[in-house]
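Asks: attaching a predicted model along with its sequence, questions to come.
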Amino acid sequence: MARFAHWIKLGLVVAGVLLLLGLLIPLLLTTVYKTRVIQAVREEFASHSEQRLADFGVNFSLISHFPNLAVQLSNISIHDNRGPNPMEIVGIDQANLVIGTADLFRDNQTVRKIFLKGVRYHQRVDSTGRKTGFAWKGEGRADTSHQHSVAIPEIRIENASILIENQYKKNGFAMTIREADLTGQLRQSKLHLRGQLDGAVDYIQNRNLKLFQTQWFTADVQYVYDQLTKTGTFSRSRLLVNGLPVKLAGSHRKLPEKTGTELKLNLSGTQPAHDFLKAMLPDSLKRYAGDSALKGDVVFDFRMEGVTSPTVRPHNWIDFRLQAQNYHWPKTPVVFQTVAVRGNWNNGDRNSRETTTLTLDQFRLQSGEDTLTVRGKLNNLVSPVIDATMQGNLSLLQLAQLMNWPGDSLYRGTAAIDLAVRSPLLFSNVPQPSPIEPYWKGSLRINDGCLILPKPSGRCTALNADIQFIPENNQLKIREVVGKLDGQAFRINGDVTNLLRYVLGASQTTYPVRTKLAAHWQELDFSKPKPSQNRPAPPEKRPSATDSLVAGLLFGTEYSAVVQIDRIRLPSQEDLSDLSFRFQKKGEQVRVTQLLCRTTLGGKIAGLGHFQLNQDGIQEPYAALQLSYERLNLQRLVSLLAGLNSMQATYNRPTSRKQKTGLSDYRFDVEVKAHKLDYQTLRGNDFGLKTVIRDQTARLERLTMNAFGGRLGAHGVMTLGDPDGFPARLNLTLQRMDLYQLFRAAEEMNIDVLKSENIRGRVDCSMMVRTELNNDFLPDIKKVTAYSKASIREMELIEVQPIQQALRFLPKSKTSHIYFEDVDARFLLHNNRILMPDLNLSSNLSYLHLNGDYTLNEKAAFLVEISLTDLLFGNNKRRIRQIQEADSTRMTGGLKNHLLLHRDLGKYRMKLFGRRDFEAHKESLHSEWRAELSRQRIDTTFVR
């Protein structure tokens, strides 16, 4: 028992000694060797590099890798010496080297393990080609003193980053290594490394393109570096990306005298189509990578050979093949059952953008019976030139969806295309466009097409087109486009020159697009305009080549066309027929040089006009029209003008969200002449009219005609866009109108006034009229407000029963035919009621002064001031003679009597008035007159 306790004590002593040594030896090593290690590292670094090594820490540990010794270097940082703010080139947060403990007392140490953590490497080439990176001076020849083998069983790297940027070549590379476990061996002059890496390519940048952003990978690497030849070689190395293998092979060799590095590298393998395309394509084209469910792989073989340096690019090329299924064309409902692509990218014999070529040996899309095949080549990325052919047969539905046409509206029919194109790309971001002339040749044929237009005009069927692409002047020849629009046939022929130059972005001042078209429509129907609807704004549409093509057709700088339309139905009682017009366009200005047509009710129209046409649609349209008729119905003319206005009211500008949706800047100047005119009971001849239609308003500048034995003139304004009617305001002038004809017209209108057989004479009149035309463009007498100042000449009243009833105490021979002196009269009509103040109606019977009001077809009340003595004892024959001979002597009368003549229930009655009561009623009537003029805002100064 005592012997056992002795051994326990001895063991404890040995353990204590070893523990003490484990604690004291690292302290001793740190004290004794730290300065020697730092000095040795700095001397070794200074002998191979002129760059600056920052201060770093050194620690030793015997316990962490017992019985071996761990040497830890921390915060290693190497900076470039140039500039006020030197750039860090290499940084290591922590570097651990594990060596045998006995090796401390030998000249050569064996490294058993290397552990690096937090490694950073940064290399930059500025825009002048000057390189800032890790510079290590090599020996003139290999060190032959160490010919034995040195093995490093374990090399581990955690959290390393590499950043290489070249502003001269405008490229860059960034990679992160999460973990790396390697083994190394130095045999004579060759360093062998093998092992596994786990990390991500942050990006590979080429000018404005960033590829493989945050692409994770794992790799098995075998690498040999020969110090004698400065050559590194990859062999049997493999990367695993997206679960698929990619092989890496090749070598790099440093050339003498800083002339660069010779590369021979090869990267080949297979990648999922979606991920590969997403990585390879620039951001502007990533949508063509399709969705993540794309079934297919890209097989590629990338090679890089030649010399590379900060200012020199090596020769590189990539062969690729893609065979995919169920490819969903981005932003459309189109799904192609198979997609086959085969091509090559090569930077050419001078390894430059000028000699770079992208070749598509095959690009084939197929969905059912729809096929499209493209072959071609793109040369020279500085002055790019494309040379391609396109062949295929597609349904119009597929074509519409593929080209992103509005509404994908084409839904039946087929299109066959056979087209060859050779042309420079002339877009604005191409600084040095190629001088090669654009070229195209081929055809596009559409058979039995049918579409629904995205506007109320409706449905187009039986669409057939034969369009040829002619090389000379890049001509697009429309041999025949025929179809039916809402059942009405149309035909278009013509040609367009320089269109390809326009589509490719050529300067329009150098190559103006010239369009010549001839179009014929059987009928256009605007008779039932649909009200505008508040629709949500459409989503932003991606521009496409089709947009440029359509823009060239519509907005080309020079344009001429002849259009014929058999009939245009209007929302009125009169349509247009046999319409033909010619127009020319230059820039945004469109001029209609000739317009001829007929109206279905016997009119002829000739005119011209102009408007602006741009991406926001039609701007500031103007038309000057001359209409002529043998016999014109004015009611139908107003209907026609309203119909023309309603046509423009249904027009909506295409897309511009900043512009108004409806036209408000149009103007139609219309002149009308007619030999004879009818308007309800108004009949005349030698009719002339001039009006300006704009902003939903027809402004009547002049209207003249012979009517009622005299001359009628008018000007005014009428509102056309009111859905409840057509408010109008007119100023009329009547010269020497025959009262008999005027009252005969009133009879025909069933207005309760004197019958035409009861009146003779003439009238000159100035009149203001406010009314509202109904949907038949006729005035409603109940909605008429009129003010008139008239001069009545040679008036005679014959067999007027109310007068005969009132003067039944006189002989019938005196009251059956009354002659009046010339009289000036004022009238106000409102709500069927006529006010007449201060009317002097002196006649052969007596002096007569009249004030009163008269409601049409209802009651009447007149204040009459008259001389009864003249009535009873006046010389009737002498007074008739004086009136007819226009004797200046007027009858003033003797004693004046005051009467009230009123009508109620169709009968007139008379009663005497005292002077005071008479004057009170008269003043009351005058007050009402003045108040009504003010309330109706009647301007009485326009009359003369």
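Replies: Received the coordinates, thanks.
Asks: just give the number of residues close to residue 809.
Replies: Neighbour count for residue 809, taken as other CB atoms under 10 Å: 9. Every residue, glycine included, has its C-beta placed from N, CA and C.
Asks: where's it, which helix or strand?
Replies: Of the helices and strands defined by DSSP states H and E, none includes residue 809.
Asks: swap in residue 434?
Replies: According to DSSP H and E, residue 434 maps onto no helix or strand at all.
Asks: mind listing the strands for the stretch 251-400 of the chain?
Replies: Secondary structure of the stretch 251-400 of the chain (DSSP state E, counting those that start in this stretch): strands at 261-272, 295-308, 315-328, 335-346, 357-367, 370-379, 385-395.
Asks: neighbouring strands of the fifth one in the sheet, and parallel or not?
Replies: Within its sheet, strand 357-367 is paired with strand 335-346 (antiparallel), strand 370-379 (antiparallel), according to DSSP bridges.
Asks: now mean neighbour count and mean pLDDT too, for the strands of the stretch 251-400 of the chain, in a markdown table please.
Replies: Formatted as a markdown table, those follow (neighbours: other CB atoms under 10 Å; pLDDT from 0 to 100):
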| stretch | mean neighbour count | mean pLDDT |
| --- | --- | --- |
| strand 261-272 | 18 | 90 |
| strand 295-308 | 18 | 89 |
| strand 315-328 | 18 | 88 |
| strand 335-346 | 17 | 90 |
| strand 357-367 | 17 | 91 |
| strand 370-379 | 17 | 92 |
| strand 385-395 | 17 | 92 |
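Asks: make TSV out of the strands paired with strand 357-367 and add distance to residue 941.
Replies: Converted to TSV, the strands paired with strand 357-367 look like this (distance: least, CB to CB, whole Å):
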stretch	distance to residue 941
strand 335-346	77
strand 370-379	77
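Asks: sec struct for residue 930, please.
Replies: The assignment at residue 930 comes out as helix when based on DSSP: H, G, I helix; E, B strand; the rest coil.
Asks: before we move on, what about residue 129?
Replies: At residue 129 the chain is in coil, as set by three-state DSSP.
Asks: still on that earlier bit, could I get the strands of the stretch 251-400 of the chain as CSV with distance to residue 775?
Replies: Below are the strands of the stretch 251-400 of the chain laid out as CSV (distance: least, CB to CB, whole Å):
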stretch, distance to residue 775
strand 261-272, 68
strand 295-308, 64
strand 315-328, 54
strand 335-346, 53
strand 357-367, 54
strand 370-379, 52
strand 385-395, 47
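Asks: just to revisit the earlier point, residue 235: which of the strands paired with strand 357-367 is closest?
Replies: Across the strands paired with strand 357-367, residue 235 has its closest neighbour in strand 335-346 (25.6 Å, CB to CB).
Asks: check the offset of that closest one from the chain's centre.
Replies: Mean-position distance between strand 335-346 and its chain equals 32 Å (CA atoms, centre = their mean, to the nearest Å).
Asks: name the residues that touch that strand?
Replies: Residues from elsewhere that reach strand 335-346 (CB atoms under 8 Å, 6 or more residues apart in numbering): 296, 316-329, 356-368.
Asks: could you check the angle it makes with strand 315-328?
Replies: In terms of direction (axes from the mean of the first three to the mean of the last three CA atoms, to 10 degrees), strand 335-346 departs from strand 315-328 by 180 degrees.
Asks: export strand 335-346 to PDB, keeping only CA atoms.
Replies: Coordinates of each C-alpha in strand 335-346 appear next as PDB, following Å, rounded to 0.1, in the frame of the first residue of the first chain:
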ATOM      1  CA  VAL A 335     -45.100  28.300 -74.000                       C
ATOM      2  CA  PHE A 336     -42.800  26.600 -76.500                       C
ATOM      3  CA  GLN A 337     -42.700  22.900 -76.300                       C
ATOM      4  CA  THR A 338     -39.100  22.700 -77.400                       C
ATOM      5  CA  VAL A 339     -36.300  25.200 -77.700                       C
ATOM      6  CA  ALA A 340     -33.000  24.400 -79.400                       C
ATOM      7  CA  VAL A 341     -30.000  26.700 -79.400                       C
ATOM      8  CA  ARG A 342     -26.500  26.100 -80.600                       C
ATOM      9  CA  GLY A 343     -23.800  28.800 -80.900                       C
ATOM     10  CA  ASN A 344     -20.400  30.300 -80.200                       C
ATOM     11  CA  TRP A 345     -19.000  33.400 -78.700                       C
ATOM     12  CA  ASN A 346     -15.400  34.400 -79.800                       C
END
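Asks: report the angle between that strand and strand 295-308.
Replies: 10 degrees.
Asks: could you measure from residue 634 over to residue 225?
Replies: The gap separating residue 634 from residue 225 is 103 Å, by CB to CB, to the nearest Å.
Asks: more neighbours: those two, which one.
Replies: Between residue 634 and residue 225, residue 634 has the larger neighbour count (other CB under 10 Å), namely 21 against 17.
Asks: pLDDT score for the more buried one?
Replies: Note on residue 634: pLDDT of 87.
Asks: grab the nearest non-local neighbour of it.
Replies: Once flanking residues are discounted, residue 634 sits nearest to residue 679: 3.7 Å by CB to CB, 6 or more residues apart in numbering.
Asks: pretty sure the one you found contacts residue 636?
Replies: No. Applying CB atoms under 8 Å, one finds residue 679 not in contact with residue 636, separated by 9.4 Å.
Asks: please name the bridge partners of residue 303.
Replies: Beta-bridge partners of residue 303, counted by DSSP bridges, are residue 266, residue 317.
Asks: ok, it - contacts?
Replies: The contact partners of residue 303, taken as CB under 8 Å, 6+ apart, are 265-267, 316-318.
Asks: rerun at 10 Å
Replies: Applying CB atoms under 10 Å, 6 or more residues apart in numbering to residue 303 gives the contacts 249-250, 263-268, 314-319, 346.
Asks: from those residues, which is closest to residue 922?
Replies: After measuring these against residue 922 - CB to CB - the closest member comes out as residue 318, at 108.7 Å.
Asks: just to revisit the earlier point, my guess is the residue nearest to residue 634 contacts residue 639. True?
Replies: No. Using CB atoms under 10 Å, residue 679 is not in contact with residue 639; the gap is 11.7 Å.
Asks: so for those two, which residues contact both of them?
Replies: Residues touching both residue 679 and residue 639 (CB under 10 Å, 6+ apart): 633, 777.
Asks: can you tell me the element the closest residue to residue 490 other than its chain neighbours falls in?
Replies: Once flanking residues are discounted, residue 490 sits nearest to residue 521: 4.5 Å by CB to CB, 6+ apart. Element membership of residue 521 [criterion: DSSP H and E] is strand 514-525.
Asks: restrict that strand to CA atoms and write it as PDB.
Replies: What follows is strand 514-525, C-alpha atoms only, in PDB (Å, rounded to 0.1, in the frame of the first residue of the first chain):
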ATOM      1  CA  ARG A 514     -41.100  57.800 -96.900                       C
ATOM      2  CA  THR A 515     -44.400  56.100 -97.000                       C
ATOM      3  CA  LYS A 516     -46.900  56.000 -99.900                       C
ATOM      4  CA  LEU A 517     -50.200  54.200 -99.400                       C
ATOM      5  CA  ALA A 518     -53.500  53.800-101.200                       C
ATOM      6  CA  ALA A 519     -56.300  52.600 -99.000                       C
ATOM      7  CA  HIS A 520     -60.000  51.800 -99.700                       C
ATOM      8  CA  TRP A 521     -62.700  51.100 -97.200                       C
ATOM      9  CA  GLN A 522     -66.200  50.000 -98.000                       C
ATOM     10  CA  GLU A 523     -67.800  51.600 -95.000                       C
ATOM     11  CA  LEU A 524     -66.900  53.100 -91.600                       C
ATOM     12  CA  ASP A 525     -69.600  53.300 -89.000                       C
END
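Asks: what pairs with that strand, and is each one parallel or antiparallel?
Replies: Strand 514-525 has these strand partners (DSSP bridges): strand 488-497 (antiparallel), strand 558-569 (parallel).
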